[in-house]
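S.K.: Generate a structure from the sequence data that follows.
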Amino acid sequence: AKGVYCGVPFLEAADAAADEAVRRPVEGPKCARFEPTEHGHIVSSYTARISPQKPSEPFCMECWALLAEDEGSYRIAAMTGRGALAVVQTHEWCFTLFCGAAEVVLKGPKSRVNEWQHVVGTYDGTMMRLFINGRPCARMEVAPEVLAQNEDANQGRKEELEQIQKDEDDARGLCKKQTDKQAKVYMQTSEGMQRIKQAAIKLVEQSEFKYKMTANAKEQGLQRLGKQEALLKARAAYRQELYMENVQKIASEFQRLRDDVEDRRRKELDAALERSRRPCVIGASMASGRARQGRHFWHGCLAHVAVYDKL
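M.R.: Sure thing, here's the model as predicted:
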């Protein structure tokens, strides 16, 4: 197969040093040994045929696999942009189908240590099926599972947004009391007293100007603003200004949380789209930002790994 081979030695069928159990199971291709400590894996060239972009397009993947040790780790035999064959932590074979951000997992029988097994996963556009050594082991209709996962994801986002709204309402409810305390402490400082005094003087000047500019001010009931009344109005104006400032901070903070929820969803969809367009990897998961060489490395041997765009 064409691709980049990373830390993967080959074992010939006639190799006298190779134990009988790990020799290739079929005539033809060589088999390769994969060691997790060496991060052994094979990255093929990208081919659109083996990663169909439409959910209704069928495909099939198969491999001969020998698991050298089953220590309860997730081990990937082969992975494409649409599916994967692997052994899960509960020691079962599974066929995973990627449908957008949803991942449908079809589990089969227990894996066997130091024994070659022929594993096939098929998808016909409707049903997933898993075969072990030529025998059908499990099947699942895909659409209901994808719909359920998407609904769960949407419900999770809805509940998260509702919790954010509740927290914001609580924060707004506490904001008035906290603002009053904050304003009281500030107005007891020299800076605060000076600020309130200047604001009161300005209010008196504005009141006096309005009184003088209004004809028959007394007859209209206008009164000059006194010093104490001006101080009270200045303090009230400062508290209102501080309250609006704090409310704006709260609104900005909780809007950021809402944006984070939507941003995570966009990243999930972008990651799913990117994954669907990546090449096939044998013996590991695809590389990612967190794991440049991939993860979940196979432990044992693999042979005759193949992906088909037809059943």
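S.K.: right, and Cys94 touches Val87 too?
M.R.: Yes. Look at Cys94 against Val87 with CB atoms under 8 Å: they come within range, at 7.4 Å. Glycine gets a C-beta too; all of them are placed from N, C-alpha and C.
S.K.: which secondary element of the chain has the worst mean pLDDT?
M.R.: The weakest-scoring helix or strand in the chain, judged by mean pLDDT, DSSP states H and E, is strand 10-11 (a mean of 54).
S.K.: Which strands or helices does the helix or strand that comes right after that strand pack on?
M.R.: Next along the chain after strand 10-11, taking DSSP states H and E as the criterion, comes strand 31-34. Counting contacts by 3 or more CB pairs under 8 Å, 6 or more residues apart in numbering; DSSP states H and E, strand 31-34 packs against strand 10-11, strand 300-308.
S.K.: Give me the helices and strands touching the next helix or strand after strand 31-34, please.
M.R.: Counting by DSSP H and E, the next helix or strand C-terminal to strand 31-34 is strand 41-44. Secondary-structure packing of strand 41-44 (3+ CB pairs under 8 Å, 6+ apart): strand 3-6, strand 281-282.
S.K.: And for Gly300, the neighbour number?
M.R.: 26 (other CB atoms under 10 Å).
S.K.: For the residue nearest to it when sequence neighbours are not counted, list the residues it contacts.
M.R.: Using CB to CB, 6 or more residues apart in numbering and skipping residues adjacent in sequence, the residue nearest Gly300 is Ala68, 3.8 Å away. Neighbouring residues of Ala68 by CB atoms under 8 Å, 6 or more residues apart in numbering: 22, 113-114, 299-301.
S.K.: Swap in 7 Å and give it another go.
M.R.: 114, 299-300 (CB atoms under 7 Å, 6 or more residues apart in numbering).
S.K.: For the stretch 1-150 of the chain, give me the ranges with low pLDDT.
M.R.: Low-confidence segments of the stretch 1-150 of the chain (pLDDT under 70): 1-30.
S.K.: What are the boundaries of the helices in it?
M.R.: For the stretch 1-150 of the chain, applying DSSP state H, counting those that start in this stretch gives helices covering 142-187.
S.K.: which strand residues sit across from the closest residue to Ile50 other than its chain neighbours in the sheet?
M.R.: Distance criterion CB to CB, 6+ apart; nearest residue to Ile50, sequence neighbours excluded, is Val307 at 4.0 Å. Legend: beta-bridge partners of Val307 under DSSP bridges are Met61.
S.K.: cool, Gly83 as well?
M.R.: With DSSP bridges applied, Gly83 shows beta-bridge pairing to Leu97.
S.K.: List the contacts of it.
M.R.: Listed by CB under 7 Å, 6+ apart, the contact partners of Gly83 are 59, 61, 95-98, 121, 123.
S.K.: how about a cut-off of 10 Å?
M.R.: Residues near Gly83 by CB atoms under 10 Å, 6 or more residues apart in numbering: 50-51, 59-61, 95-99, 103-104, 106, 121-123, 128, 280, 307.
S.K.: Okay, now the unreliable bits of the stretch 201-311 of the chain?
M.R.: Using pLDDT under 70, the stretch 201-311 of the chain drops low at 211, 215, 217-219, 221-222, 287-293.
S.K.: who's in contact with the residue positioned nearest the centre of the chain?
M.R.: The centre of the chain sits closest to Glu268, judged by CA atoms, centre = their mean, with a distance of 5.0 Å. Contact analysis of Glu268 by CB under 10 Å, 6+ apart lists 100-101, 153.
S.K.: can you check Ser51 too?
M.R.: Going by CB under 10 Å, 6+ apart, the list of residues near Ser51 reads 57, 59, 80-83, 98, 275-280, 307, 309.
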